[in-house]
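Chemist: can't give you the sequence, but here's the structure:
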């Protein structure tokens, strides 16, 4: 096994600080003939989408969120049989087509709000809000009593807004909530998860509890902002906790100020958080170094120690929960999967509706409406989304 492989990554920070090069050096001790080169993409989703119109999209890449499941065999080489790989790794069902797995997640992710505990405590808030209304009220208190921006959308980078879709399942504590979209005519109807989730985001912006001008947000800058208490909260995956703690420490603040709380809803008196894979690693179907590319994926997931180093949930079956989620364990938060049985059908409806529930555009428009930069209001927009979804479903015979 020899030659150079190119790995596309969204971790531009780990290229800058030399972390990925250290992993590559360790990999070369096992595979001395293989050199790993990294390409960091700041707008990973947008840039990868363009590159995938050609055959030049690296040897190893993270599967873009905008790609539908049925497209995986067109772009990626199979990594093995589902029965075999699912015995070793979690989340393989998210990338399985016709019994073959096309992507392996390095880490699993719990979903929740990364927040600055010191800011919330300064506002006099010690308990996690148990309803969306309580969450909004807490943000209003933070705005009144501290100098922090209560919530940061990361609107400009866009991709952080897609993470709100990963809350589907949390409000009703239902692992089948995402699958149910295949048979739901109007997902943005009061009482449904998407309604609850998007209403919360809309309300935060509408009540001016987010940054004044979301078009100027900056992802890398946001880490320092929450780390130093200039921002109070952001909806993200648990992978972000260690990055925010590192930013706090780098700024001379206490990294323990960074906490993680579940979506503000309870079922049976308990909070629920959806566990899902972070980006999944795949091999370019056009790569002429498939064996080396696959070797890197296997080594990085099982041997590099990256998941433990960043306080993430390893996708290797049986790995323990990291210390970063101790608060979830201590508060008896229920973690649930997001079932994938109907994912292809949901994706098909979503594509036909041109909404893009895993893309950023529709939520950017939601934010624009909420801040008065686009016409309409929440109800009219939800009606529009319901109409598009229902029409697509009927057209496809759902």
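Modeler: Great, that's in hand. Since we're looking at a predicted model, the values are computed, not measured. Numbering: from 1, shown residues only.

Chemist: can you name the next helix or strand after the longest strand seen in the chain?
Modeler: Identified as the longest strand of the chain according to DSSP state E is strand 107-116. Where DSSP states H and E defines the elements, the next helix or strand beyond strand 107-116 is helix 117-122.

Chemist: any idea of the mean pLDDT in that next one?
Modeler: Averaging pLDDT along helix 117-122 yields 98.

Chemist: one more: stretch 176-187?
Modeler: Mean predicted lDDT for stretch 176-187 stands at 96.

Chemist: likewise for stretch 31-51?
Modeler: On average, stretch 31-51 scores 95.

Chemist: in it, what's buried?
Modeler: With burial defined by 16 or more other CB atoms under 10 Å, the residues of stretch 31-51 counted as buried are 31, 34, 36, 38, 40, 41, 44, 45, 47, 48, 49, 51. Heads up, the C-betas are built off the backbone N, CA and C, glycines and all.

Chemist: contacts for stretch 211-231, please.
Modeler: The contact list for stretch 211-231 (CB atoms under 8 Å, 6 or more residues apart in numbering) reads 13, 114-116, 118-119, 146-149, 151-157, 160, 205, 232-234, 243-251, 253, 255, 257-258, 367, 371.

Chemist: distance from it to the middle of the chain?
Modeler: In this view, stretch 211-231 has its centroid 18 Å away from the chain centroid, taken as CA atoms, centre = their mean, to the nearest Å.

Chemist: equivalent analysis for stretch 234-241, please.
Modeler: Remark: stretch 234-241 is offset 8 Å from the chain centroid, using CA atoms, centre = their mean.

Chemist: who touches it?
Modeler: Contacts of stretch 234-241 (CB under 8 Å, 6+ apart): 107, 109-115, 151-152, 154, 160, 163-164, 166-167, 201, 222, 226, 258, 260, 278, 310-313, 324-325.

Chemist: gap between the two ends of it?
Modeler: Stretch 234-241 has its terminal residues 11 Å apart, counting by CA to CA, to the nearest Å.

Chemist: quick one on the thing from earlier: just the ones of the buried residues of stretch 31-51 in helices?
Modeler: Per DSSP state H, helices hold the following members of these: 44, 45, 47, 48, 49, 51.

Chemist: would you map the strands across the stretch 51-200 of the chain?
Modeler: Assigned by DSSP state E, counting those that start in this stretch, the stretch 51-200 of the chain shows strands spanning 60-62, 80-81, 96-97, 100-101, 104-105, 107-116.

Chemist: nearest to residue 350, out of the ones you listed?
Modeler: strand 96-97 (17.1 Å; CB to CB).

Chemist: just want the most central residue of this structure.
Modeler: Taking CA atoms, centre = their mean, the centroid of the chain lies closest to residue 163, which sits 4.3 Å from it.

Chemist: relative to residue 350, how far out is that one?
Modeler: 16 Å (CB to CB, to the nearest Å).

Chemist: repeat for residue 149
Modeler: From residue 149 to residue 350 the distance is 32 Å (CB to CB).

Chemist: same check, this time on residue 171
Modeler: Counting by CB to CB, the separation of residue 171 from residue 350 is 20 Å.

Chemist: more neighbours, those two?
Modeler: residue 171 (24 against 21; other CB atoms under 10 Å).

Chemist: wait, the more buried one touches residue 197, no?
Modeler: Yes - here residue 171 reaches residue 197: they are 7.0 Å apart, a contact under CB atoms under 8 Å.

Chemist: joint contacts of those two?
Modeler: The contact sets of residue 171 and residue 197 overlap at residue 263 (CB under 8 Å, 6+ apart).

Chemist: so what does the helix or strand of the chain with the lowest mean pLDDT touch, helix or strand wise?
Modeler: Every helix and strand of the chain was ranked by mean pLDDT, DSSP states H and E. The lowest is helix 306-309, at a mean of 88. Helices and strands touching helix 306-309, by 3 or more CB pairs under 8 Å, 6 or more residues apart in numbering; DSSP states H and E, are strand 313-314.

Chemist: pretty sure residue 351 is touching residue 67, no?
Modeler: No - counting by CB under 8 Å, residue 351 does not reach residue 67; the two are 10.5 Å apart.

Chemist: rewinding a little: quick check: the residue nearest to the centre of the chain vs residue 99, distance?
Modeler: 30 Å.

Chemist: ok, residue 121 - how many residues close by?
Modeler: Counted with other CB under 10 Å, residue 121 comes out at 12.

Chemist: roughly how far apart are residue 255 and residue 246?
Modeler: Taking CB to CB as the measure, residue 255 falls 7 Å from residue 246.

Chemist: next: residue 44.
Modeler: 20 Å.

Chemist: if we can go back for a sec, the more surrounded of residue 351 and residue 67?
Modeler: Taking neighbours as other CB under 10 Å, residue 351 and residue 67 compare with residue 67 leading, 20 against 16.

Chemist: show me where pLDDT drops low in this structure?
Modeler: By pLDDT under 70, the weakly predicted segments of the chain are 398.

Chemist: break it into its domains for me.
Modeler: Annotated domains of the chain cover 3-105+279-328, 109-274 [the TED database].

Chemist: so which of the ones you listed comes closest to residue 396?
Modeler: Of the domains of the chain, nearest to residue 396 by CB to CB is domain 109-274, at 9.8 Å.

Chemist: what's the end-to-end length of that closest one?
Modeler: So domain 109-274: terminal residues 8 Å apart, CA to CA.

Chemist: figure out how far it is from the centre of its chain.
Modeler: Distance, centroid of domain 109-274 to centroid of chain: 12 Å (CA atoms, centre = their mean).
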